[in-house]
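Asks: Kindly generate the corresponding structure for this input.
(chains A, B, C and D, ligands or ions: 4)
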Amino acid sequence: MKYRLSSGGQVDRSKPLRFSFDGKGYSGFAGDTLASALIANGVHLVGRSFKYHRPRGFMSAGSDEPNALVGVGDDEARYTPNLRATQVELFDGLVAESQNRWPSLSLDFGGANDALSRFLTAGFYYKTFMWPAAAWKRLYEPMIRRAAGLGRAPTAADADRYTQLYSHCDVLIVGAGPAGLAAALAAGRSGAKTIVCDEQDRMGGTLLSEREAIIDGLPAADWLARTLQELGSLSNVTLLPRTTAFGWYPHNFLGLSERVTDHLGRKEGNLPRERMWQVRAKEVVLATGAIERPLVFPDNDRPGIMMAEAARTYLNRYGAVPGSRAVVFTACDSAYRAALELKGAGVHIAAIADVRPAPEGPWVERARAAGIDVRPSTLVTATHGRLHISHADLASEGASSSETVPCDLLLMSGGFTPSVHLFSQSRGKLGYDEALKSYIPQKSVENERSVGGCRGLFDLGASIADGFGGGLGAVRGAGGTPVTEQKIPVFVQSFGQDGFIGALNGKSRRRAWVDFQNDVTVKDIELATREGFRSIEHVKRYTTTGMATDQGKTSNMNALGIVSHALDLPVPKVGLTTFRPPYTPVTFGSFAGQSRGKLFDPVRQTSIHDWAAEHGAVFEDVSLWKRAHYFPRQGEDMHAAVRRECAAVRNSVGIFDATTLGKIEVVGKDAAEFMNRMYTNAWTKLEPGRLRYGLMLREDGFITDDGVVGRMATDRFHVTTTTGGAARVLALMEDYLQTEWSDLDVWLTSTTEQWAVIALQGPNARKVLEPLVEGIDLSREAMPHMSVREGRICGVPTRLFRVSFTGELGFEINVPMGYGRGVWEAIYAAGKPFDITPYGTETMHVLRAEKGYIIVGQETDGTVTPDDVGLAWAVGKTKKDFVGKRSLARPAMTRDDRKQLVGLLTVDPKVVLEEGAQIVVDPREPVPMTMIGHVTSSYWSAALGRSVALALVRGGRARIGKRLHVPMAAGNIEVEVVTPVFYDTEGKRLDG
Amino acid sequence: MLLIKCPFCGPRPEIEFAYGGQAHIERPKDPMSLDDEAWAEYLYIRNNTRGVHSERWRHINGCARFFNVRRDTISDEILVTYKVGEAPDAVPEKDRPTKGGAVR
Amino acid sequence: MGRTAVARVNSLAQISRGGPEVAEASLSVLPDAAKFVFRGRPSSWPVAAEAFGVELPQAVNRFSVKGGRKAYCVGPDEWLLEAVGEDPGEIFHKLSESLASHSCSLVDVSHRSDTFEIGGTRSEYVLSHGCPLDLSEQQFPVGMCTRTLIGKSPVILSRTERAVFQIDVWRSFSSYVWGLLDEVRREFPSRSRQM
Amino acid sequence: MKRFSAISVVREALRGNSAWPRQWRSPEPKPRYDVVIVGGGGHGLATAFYLADRYGVRNVAVLEKGWIGGGNTGRNTTIIRSNYLFDESARMYEHALKLWEGLSRQLNYNVMYSARGVLMLAHNIHDVQSFKRHVHANRLNGIDNEWLSPQECKEYCPPLNVGGEMRYPILGGALQRRGGTARHDAVAWGYARAADALGVDIIENCEVTGIRRAVSGGVEGLETTRGFIRAGKVGVVAAGNTSVVMNMAGVRLPLESFPLQALVSEPVKPAFPCVVMSNTIHAYISQSDKGEMVIGAGTDAYTSYSQRGALHIANHTLDAICELAPMFRRLRMLRNWGGVVDVTPDRSPIVAKTSVPGLYLNCGWGTGGFKATPGSGDLFAFTIAKDEAHPINAPFTIERFREGVMIDEAAAAAVAH
Ligand SMILES: Cc1cc2nc3c(=O)[nH]c(=O)nc-3n(C[C@H](O)[C@H](O)[C@H](O)COP(=O)(O)OP(=O)(O)OC[C@H]3O[C@@H](n4cnc5c(N)ncnc54)[C@H](O)[C@@H]3O)c2cc1C
Ligand SMILES: NC(=O)c1ccc[n+]([C@@H]2O[C@H](COP(=O)([O-])OP(=O)(O)OC[C@H]3O[C@@H](n4cnc5c(N)ncnc54)[C@H](O)[C@@H]3O)[C@@H](O)[C@H]2O)c1
Ligand SMILES: Cc1cc2nc3c(=O)[nH]c(=O)nc-3n(C[C@H](O)[C@H](O)[C@H](O)COP(=O)(O)O)c2cc1C
Ligand SMILES: [Zn+2]
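Replies: Ligands and ions are numbered 1, 2, ... in the order given. Next up is the predicted model:
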């Protein structure tokens, strides 16, 4: 194998793996990435750029890769687009494909865009596609959209699991290069609870491709192994490889994304695909290293042009050789090391073109000594080759002629950009370092410190010392006792700090790429500044530089350099765009975690739920609850079922699960006073053993909740609320109690789930109930409407309400929740002779509408006062104050043209109005029509043999007896306005 | 997710709490005596401070108590937390942050 | 009337049956208990403690145990009193009498919640999928209890042993919380339970 | 202003694109303007444009503390629709929607208004009732909005999961076909360029630090980081920072500023054809013309000016997205950011005169004002130019809170954006 060394690196040559790329089979080794394996197979063309569909190869060997994006997976339920080949770990049977090309990677018709590139400059679409007007929607927009995107979204639901957990530590160390590992040693040995994460499959960072360094007397690789072993043996240290710290959120809270199974290929066991760690760290040590910067020169984007450090990584870590004849183009020393190491592996180094006028120092000398042609002040002015670089033109700076040098590899290095992403997300202050041509961390805002490469320390010894010191500092910051400082001796040839940002050879007519993925060239950025986009944020948005999937890891500093030059402003004056999470893209699945399907939200069920399910109930969602909506029998639709259920209640007896109603026990000697203040009603005179309908307003005077309240004792109220309102009402009560009226002796306890509530309604209700009850006289005289008694039913305790939401004789039987189903079944059995019928919320709604009882949330919508819905009687007129009272006195709340609750009867009794339908006076008025109200509830009433509806109508009460209109798409419906009680207007049936 | 120091339970994650809006807006003792303007002020007008903001939080999924917090709305840094009815100055010096980050 | 009372059904009866056995984090339903929320002015606290027979911890988020009875302090003036296997009516009656002249509130919540236990070497790890608290022994020692969240559900979590936590959860949320922890522990090898 | 056209694009390209002029100038502030607009977001820039274009006021400056469009205009999920419930809001947003439809040509700037349809999903019976109420009210107001069955929702938007296995199954949806999205940045730039061409001075990096009032009480001018600027009238359009600016004039407001987050996925080939909103499970999603899924999250619980938010908010948004479209679980979040939205008690905006003569206010658009940009600009320009509200914005006063005349779309339907 020409491009694979026979030894060296961390791949396991005894474990060959088969994989395919674009349908063609290849082989690699365990330990390879898809990128290193392809390189070892001599494949460099891996993708197409976003806009111009330029052929692209590997630029880097890490998560900063802008070009080599692939789709991975042969199973649609596990297909993932846009993965960086440099991060995809090889496994046997891996299937990958290139993206954004048609019909094939080597012959891509989209490449035609490249020829049109001068018309497709930054922001061109804002200037065109406007004529003729209709063409935008039909022609241009579809065209633009078809061209969008890189990979394709999977079309099948994801088959994998994701989990999410919280974690807490003293010290979180992000990055396990030499600096991070040294910090980990310091923190770990000090006994601090430490988490170390690194986004790569192996820990070690730059040490993984280090050949020469001696650390603590050991070759770097051995020191690394020993260090990892020591850390692994400490119970207070958690090592998380394949784990990216993707976001920093306020108060030292970081999100980490661990990739658990992708590298395993075939699924075994039940491990989640990814695990999101949400870590609260007392102290954070950032040891995220630095990213090598490309050089921006003409034609710098061909396959075969890559970062010098990436080439070293392929060579040293994977034994993969990225070419046979290389030109090196650099602005700093480290590329010399790359050149030397590649040469050592048999790669011919055609030349080192160094932009610096007089490069010198040990690395330059070593290169010269090795016989490499080192050319100072030399630029690459063009490159050639259609799908792979074949030549590079080299010219001395300022010279008019150039020399064309054949090569299949061009290495570039513009210096290093510290990875300050997380530091900046933490809102730490950055400062520009002129020597490094980079921003580095200055002042921390959170409990954080940056160490090593990510704060511009590019010397291994210094990084290790810095890391160790940072680890100790973090231990101290977290309140621990650090071990003593330790010197870790390091022998390595260090580098200078040179670097370059901006465009080289800016005069060239050829294009030079800045943001490789988004096809942003120097010309685009210059055009943007010419057109007045001078803030770096505007440049970013106009050109899209830095907005690709790599978020500008390799491009942002160069863009900055170009803008600085174009505007003649110093770099720090140009500023930086904002670093945002995630550091590298994180799957939606990770953010969702376990929260899916049944676990998306709790499914709250009553203790009677299963009975209802067994009896064929159809359920509806009401807040988190499942409620039985209706109980269809064989062949019935909802309407038929509801008709039958309604008739059963009106004629005999029905049974209904009202358990979901919120319940609050209000206890204490000031309970009545508290109720007086919270509800519109007056409570002082309500006797123990009696019930009252309670109405609650928000402080702004609008109805927020209602419910029946029982006075169990002078100092004890059993309050009920709407199903959806339970939590809100309790919170509101607690708010007033704790923060306004803490002098009141009253306490609140939620009892929603203490009580199952069985509503038994209908003329035969008493007869069904009587035999089951002990210790309560159910007779009309002993237990009138709106009273409550305590006793036992079926041998268990009950709070028995005599109350009706149907207009029939009714009881609501509260029993401790665990007995709910048992009592329900007993009542059901006792009701058999009366043909007792279970009914659902739909029937409940019809029955109450026939009686004109409101439902908060249906008749009200947050803009409705008690008087609007005819509940002025529930407002205690003599009370000095209650929540919402003052608001009711505001001018708009007392106007008589407010919308008021009325009944509507369609002139044609068979027509059932649609809920939400709008009401007008004049159906012939042209659109926009004057709407004076809307239908809030509308049903077929079996009892009345006609439809009935409730509505809110402007000045409605004054319109009673008049005709109004409901214009529907299919025609107008005429209605008569009536009082909102349709059935048993005198309320005689309440007594059975 | 903020780390909020409940005066009763100590530092706890934000999701255990419910935000309660601007602090120290007392409900008028006799609302009916207020004119519309003054009542609207109570109901709706808020400082919406850019900077150090006094606000209420309730440890709803914890001890269930309301308490007050001073938070910098630019940095989200919490300067101090204190019980209802207490003045923030009554908070012992040792509980104050010495540098950025949450109170711990 | 002489009929036997209907039986109490635990909300976890169904979901807890026949699930997998996971040694690292086992889940088991605890017996029904009588439970009460007690809140009141300080003068009533010792009275309640005396009547209930268990000291009411004054430190928020601690519980005390005596025999089958427990008192969890879940707020500065709020305790959850628990008596495993006892009749709520009797206890309520007895406590109410003792507290009659005191300013306080006693509410029977015996049926509001059910309780289950998670135990095993990875119980802390499994719980931290959903519970945002630091559950290390330093921060959450044996004897600690608190209201908190597990996923989207409020619970009262307490640590009874180094590797054992109890979760008191409102009935309608119990299958969600159980299901969440069960979903998480799927990553450990499991044996199906012998029925 | 050099007109943009297919011809000019070709001509300039052939000349190496070297002669494109600045899209807007960068003038030094003049000592005095007839009208100064505080806030260079979409609303502020549109106001300036319409002042000059429709109402003949050309001595206008827009002061922007940072870069234009850098506020919520540049960080929103760009959902545009007009199917609001109440007459007042429906009129307001429909006025804007009509302007959107011709905006690119009016501004000679392609704002990429894409009428891809906005589908609002119902997940429970209450949603169904509420959305049907909208459909009926909209029809009588002449606004398109139609009810779709779950199957029709699926046909309109194939990635939707209408299977029964969802925690909150989709029971249907309300579709406004004329609704859609637009390119947020282009809106700011297009207005800036067109306003600039009419003589409006757009002054960036100019923060207003004080509002100077004359003895008479009226506004006299503005203290800024670039010196004092005298102004006949001042229009404040500072979105999340409105309270801060208005405080400078001693005006206190019923506003709170909350973080609101949004995020985008990595770009993929077209996979999501329209805009989908689900208020019940808090998910807002569309695919941009570059291919990212643009996703709106909920607000954080607390007020903040930090332009960021918490991780759990993103979690709760994406769990909802994954419920709606389970194949998107494997897509990846590319970037997540926050804005600062100013929210009124009834979630409706204030576009009105203030108690201070010469001081006008446009704020409170909260989580949903991008869609209103052209309409809001036009109506606010009218209000400033004529010193009285246009009938469409007349209901959107500050006084409504005192009187109790709320325009509470949120309470009525829990709808935002
Ligand atoms: C994440 C997110 C998603 C959203 N999604 C949608 C959506 O889908 N649909 C929709 O219709 N709406 C949406 N919105 C709301 C919408 O973005 C806003 O309502 C709208 O953009 C407001 O525009 P504006 O011009 O008023 O404000 P902005 O664009 O914020 O402009 C205000 C400007 O005032 C400047 N300013 C502030 N103070 C000063 C000062 N002292 N001196 C000078 N200048 C100052 C600011 O810098 C800013 O540029 C969303 C908002 C956010 C944050
Ligand atoms: N001029 C030069 O030649 C030059 C420049 C830069 C660095 N270096 C060398 O780099 C070393 C510096 O060591 P170091 O430890 O600071 O850096 P490093 O690059 O060795 O390690 C950084 C590690 O952080 C990881 N990482 C980065 N961001 C992450 C994130 N968000 N989440 C998880 N992991 C993340 C990376 O995968 C990497 O393993 C020294 O040896 C120095 O000589 C040399
Ligand atoms: C509709 C829309 C689409 C966006 N698409 C991208 C994108 O493709 N890539 C990207 O990096 N950012 C994208 N952004 C986000 C911006 O980069 C940026 O985060 C946002 O404007 C907020 O600014 P800030 O993060 O600089 O504070 C998009 C923003 C919006 C509003
Ligand atoms: Zn607390």
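Asks: Tell me where the stretch 151-300 of chain A is predicted with low confidence.
Replies: A:268 (pLDDT under 70).
Asks: Please disregard the earlier target; I meant chain D.
Replies: D:164, D:411-417.
Asks: tell me the centre residue of it?
Replies: D:F370 (1.3 Å; Cα atoms, centre = their mean).
Asks: quick one, what contacts the closest residue to that one other than its chain neighbours?
Replies: Leaving aside its sequence neighbours, D:F370 sits nearest to D:N76 (Cβ to Cβ, 6 or more residues apart in numbering or on different chains; 4.6 Å). Placement of C-beta: from N, CA and C, glycine included. Neighbour list for D:N76: D:H184, D:A262, D:G296, D:G339, D:F370 [criterion: Cβ atoms under 8 Å, 6 or more residues apart in numbering or on different chains].
Asks: Distance check, the closest residue to ligand 1 within the stretch 401-550 of chain A against D:G70.
Replies: Nearest residue of the stretch 401-550 of chain A to ligand 1 (Cβ to the nearest ligand atom) works out as A:E537 at 11.1 Å. Taking Cβ to Cβ, to the nearest Å as the measure, A:E537 falls 6 Å from D:G70.
Asks: Likewise for A:F882?
Replies: 47 Å.
Asks: Report how many residues lie close to the spatially closest residue to B:A40 that is not a sequence neighbour.
Replies: Of all residues not flanking B:A40 in the chain, D:R402 sits nearest, at 4.0 Å (Cβ to Cβ, 6+ apart). Residues near D:R402, counting by other Cβ atoms under 10 Å in any protein chain shown, number 21.
Asks: quick one, what contacts D:R402?
Replies: Contacts of D:R402 (Cβ under 8 Å, 6+ apart): A:R890, B:D36, B:E37, B:W39, B:A40.
Asks: In helices, which of these fall?
Replies: Of the contacts of D:R402, the ones assigned to helices by DSSP state H are B:D36, B:E37, B:W39, B:A40.
Asks: Pick the one among these closest to A:D75.
Replies: Distance to A:D75 across those (Cβ to Cβ) is lowest for B:A40, with 61.1 Å.
Asks: all helices for chain B, in order.
Replies: B:36-44.
Asks: how close does the nearest residue to B:D30 once chain neighbours are set aside sit to ligand 2?
Replies: Nearest residue to B:D30 in three dimensions, chain neighbours excluded: A:D881, at 7.1 Å (Cβ to Cβ, 6+ apart). Using Cβ to the nearest ligand atom, to the nearest Å, we find A:D881 at a distance of 57 Å from ligand 2.
Asks: count of neighbours near A:D881?
Replies: Neighbours around A:D881, by other Cβ under 10 Å: 15.
Asks: Repeat that for the one 4 residues further on.
Replies: A:K885 has 19 neighbours, counted by other Cβ under 10 Å.
Asks: now swap in the one 5 residues further on and tell me
Replies: A count of nearby residues for A:R890, using other Cβ under 10 Å, gives 20.
Asks: pLDDT wise, what is it at?
Replies: At A:R890 the predicted local distance difference test score is 95.
Asks: quick one: contacts for the closest residue to it other than its chain neighbours?
Replies: In space, and not counting its chain neighbours, A:R890 is closest to D:G404: 3.7 Å by Cβ to Cβ, 6+ apart. Contact analysis of D:G404 by Cβ under 8 Å, 6+ apart lists A:D700, A:G701, A:S887, A:R890, A:P891, A:A892, A:M893.
Asks: Quickly list what the one residue in the stretch 251-400 of chain D that gets nearest to ligand 3 is bridged to.
Replies: Distances between the stretch 251-400 of chain D and ligand 3 by Cβ to the nearest ligand atom are smallest at D:W337, namely 3.8 Å. Beta bridges link D:W337 to D:A262, judged by DSSP bridges.
Asks: Quick check, it in contact with A:T578.
Replies: Yes - counting by Cβ atoms under 8 Å, D:W337 does reach A:T578; the two are 7.5 Å apart.
Asks: Who has more neighbours out of the two?
Replies: Using other Cβ under 10 Å, the more surrounded residue of D:W337 and A:T578 is D:W337, with 18 against 13.
Asks: domain ranges for the chain?
Replies: No chain specified, so I'll use chain A. For chain A, automatic domain parsing gives the domain ranges A:1-153, A:162-290+A:418-479, A:601-660+A:753-861, A:662-751, A:891-992.
Asks: if you could check chain D rather than the one you did, that'd help
Replies: D:31-75+D:184-254+D:346-409, D:115-180+D:256-342.
Asks: Quick one: closest of those to A:L430.
Replies: The nearest among the domains of chain D, by Cβ to Cβ, is domain D:115-180+D:256-342 at 16.5 Å.
Asks: How about chain C: which residue is closest to ligand 1?
Replies: C:K152 (23.2 Å).
Asks: Just give the number of residues close to the nearest residue to A:G149 once chain neighbours are set aside.
Replies: Closest residue in space to A:G149, ignoring its immediate chain neighbours: D:G291 at 3.1 Å, by Cβ to Cβ, 6+ apart. For D:G291, the count of nearby residues is 25 (other Cβ under 10 Å).
Asks: Would you report the backbone torsion angles of D:G291?
Replies: phi 110, psi -10 (degrees, to the nearest 10).
Asks: what's the answer for the one 4 residues further on, then?
Replies: Taking degrees, to the nearest 10, you get phi -130, psi 130 for the backbone angles of D:I295.
Asks: distance of it from ligand 1?
Replies: From D:I295 to ligand 1 the distance is 10 Å (Cβ to the nearest ligand atom).
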